[in-house]
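[1] Structure for this input, please:
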Amino acid sequence: MKTVIKINPEQEYECAKKIIVEASINRLSQNSVSSLSSSVDNLITIVARVLMEREENRRGKQKPPKENPRPKGRKKGEDRGDITKLPSKRYPNLEINETIVRPVTPPKCLCCGEEMKESGLFDVSEKLEAIPKKYYIERQKRVKYNCGKCYGGMINTPAKPSIVPLSNYVDSLIIDASLSKYCDLIPMERFAAIAGREGLEGLPPQSLIESSHHLADFLSPAFVKIKNEVLSSKHINIDETTHKMLEGDDTKNWYLWGFFCSHACYYEANNTRSGDVINDFLKKSKAESLMSDDYSGYSRAIREINKEFDRSILGVLCNAHAFRYFREASSTWKEECKLILESYGDIYDLESKRKLTASLDEQLKLRKQMIPFFERIEDNCKKLSGVGVKGGALEKAVNYFLSNYKELTICTQNIAIPLDNNFSEQNLRPPVVGRKTWYGSHSKRGAFTNAVLFSIVQSYKVNGMNPRAYFIWIVKRIHNKEEILSPYEYSKLEEGTQ
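    As a prediction, this is how the structure comes out:
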């Protein structure tokens, strides 16, 4: 049953007018109210004045538009100009497959009804296309020769060179499977499952893993060149992470060590975290500084090398660690850590400017401008010494900074020494993600393969190149018995050819 409500239009109008007038008087300025007091019944005038003042207030409060506002969804500093470009402009290296589209029958003119002719003009559109991966069998029929005179022997045409001569896998499949794991961090089991969905069912993951071991052995000369590049660098970054040995060794907890310079990444798997690993590496190096965290094994190795070989390697510590310690402590000690975190913000602002500066003298000036901020942090830490819970986050942050002040501020005297160890941590992240994905290595050979292929892939990435292109190129070069180039040398070769 519907309910009928009776409405008195005049009464409703008077009620609405009263509400609007009261609201209007509250919003209008005193001058506006006094000017309208004699004509309070003029509802249209009041509403118009309210709307006008509201618009003026809105315009007054509105901030002036920026000259070049940054569009939403784009990172700061990122160019947006390529968004409107056709795919052929954005990806100039892609092959273009052009087709001309015509209707089955020519259209008729809308004016006279006559059949129309081609004008020679086109309405052009472009779309990116993807062709699914194709698997096929490459059958080689090698000609056999025999002697038509004496019939004394037979000679076969030599087979094409291959990474694994007796394998059922061609080089391209071995490279694709290995890089899916060590570049794209896809486990071999998942790679085999993806291949199955694309028509290649029953591909055994274990045989693909075995082929990656052969690829690592095949590319070991490039691995050695990468190691030598790091050893010859004056400034080395170092870090380590756990690496599980699932079977194949009595020690289950292995470690993947990473040694880095600006253009090369060298990894080494060991069954110990002992400082002897650092010692063995440093004694062969030409390092003048070693950037690391505050693990005691690093400082001990530096002292032993300096004493034994009469060298003067500088131990440099990571400011990102110090910053993170204070940030963690700020959750409880917000006011105590506020000035310290602000000072570190100013330090990193100067570092960002330095990276954009071409002049080495200007870069050094920017580094020296960091000194007052470091001194301010030191003064604050001295005031906070003894404050807080013993062994707590604040004490840890303060003690780390005060006890390592020299090692944290060496960077202000030399622009070649980094401010932090983020470069090492960034390049250890892919092996860490890989470890979490495939849990670890099943053998010592697997640990070696892990080190070799990650070294080559990451070295190629830090030089801004595509690892897949390099692997195809270097494998072909080794087959042809040509000089082997490291990823860094290859990047320089590419620059010279452009």
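[2] Pretty sure residue 144 sits against residue 158.
    No. Counting by Cβ atoms under 8 Å, residue 144 does not reach residue 158; the two are 11.7 Å apart. C-beta here means a position set from N, CA and C on the backbone, and glycine is covered the same way.
[3] Could you tell me the end-to-end distance of stretch 288-303?
    Distances were taken as Cα to Cα, to the nearest Å; on that basis the terminal residues of stretch 288-303 are 13 Å apart.
[4] Not counting its own residues, what contacts that stretch?
    234-239, 273-276, 278-279, 282, 312-318, 321, 400, 404, 410, 414, 416-418, 420-421, 424 (Cβ atoms under 8 Å, 6 or more residues apart in numbering).
[5] cool, and stretch 313-324?
    Residues contacting stretch 313-324 (Cβ under 8 Å, 6+ apart): 282, 287-294, 298-299, 302, 305-306, 341, 344, 347, 397, 400-401, 404, 407-408, 410-411, 417-422, 425.
[6] One more pass at 7 Å, please.
    282, 287-294, 298-299, 302, 305-306, 344, 400-401, 404, 407-408, 410-411, 417, 419-422 (Cβ atoms under 7 Å, 6 or more residues apart in numbering).
[7] Buried members of the residues you listed into PyMOL, please.
    For the buried members of those, the matching PyMOL selection, counting by 16 or more other Cβ atoms under 10 Å, is:
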select buried, resi 282+287+288+289+290+291+292+293+294+298+299+302+305+344+400+401+404+407+408+411+417+419+420+421
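[8] Let's see which of the contacts of stretch 313-324 end up in helices.
    In helices, judged by DSSP state H, the following of those are found: 282, 298-299, 302, 305-306, 344, 400-401, 407-408, 422.
[9] Closest one to residue 458 out of the residues you listed, please.
    Taking Cβ to Cβ as the measure, residue 458 sits nearest to residue 422 out of the ones in helices among the contacts of stretch 313-324, at 14.5 Å.
[10] check contacts around that closest one.
    Each residue near residue 422 by Cβ under 7 Å, 6+ apart is listed here: residue 320.
[11] Not counting residues beside it along the chain, what's closest to residue 142?
    Using Cβ to Cβ, 6 or more residues apart in numbering and skipping residues adjacent in sequence, the residue nearest residue 142 is residue 157, 4.0 Å away.
[12] Could you check how far the one you found is from residue 197?
    For residue 157, the distance to residue 197 equals 37 Å [Cβ to Cβ, to the nearest Å].
[13] Quick check: residue 242 vs residue 436, distance?
    As it turns out, when the distance is counted by Cβ to Cβ, residue 242 lies 11 Å from residue 436.
[14] same question, residue 149
    The value you get for residue 149 to residue 436, if Cβ to Cβ is used, is 67 Å.
[15] Mind checking which of those two has more residues around it?
    Under the criterion of other Cβ atoms under 10 Å, the comparison of residue 149 against residue 436 puts residue 436 first, with 10 against 6.
[16] The more buried one in helix, strand or coil?
    Secondary structure assignment for residue 436 (DSSP: H, G, I helix; E, B strand; the rest coil): helix.
[17] And the strands in this protein?
    144-146, 154-156, 235-244, 253-261, 264-270, 289-292, 314-317 (DSSP state E).
[18] relative to strand 253-261, how tilted is the longest one?
    Here strand 235-244 runs at an angle of 160 degrees relative to strand 253-261 (axes from the mean of the first three to the mean of the last three Cα atoms, to 10 degrees).
[19] I'd like the ones in helices among the contacts of stretch 313-324 written out as a markdown table, with distance to residue 205 and pLDDT added.
    As requested, the ones in helices among the contacts of stretch 313-324 are arranged in a markdown table below (distance: Cβ to Cβ, whole Å; pLDDT from 0 to 100):
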| residue | distance to residue 205 | pLDDT |
| --- | --- | --- |
| 282 | 39 | 94 |
| 298 | 38 | 92 |
| 299 | 43 | 91 |
| 302 | 43 | 94 |
| 305 | 43 | 94 |
| 306 | 48 | 94 |
| 344 | 47 | 96 |
| 400 | 45 | 93 |
| 401 | 48 | 95 |
| 407 | 46 | 94 |
| 408 | 46 | 95 |
| 422 | 35 | 94 |
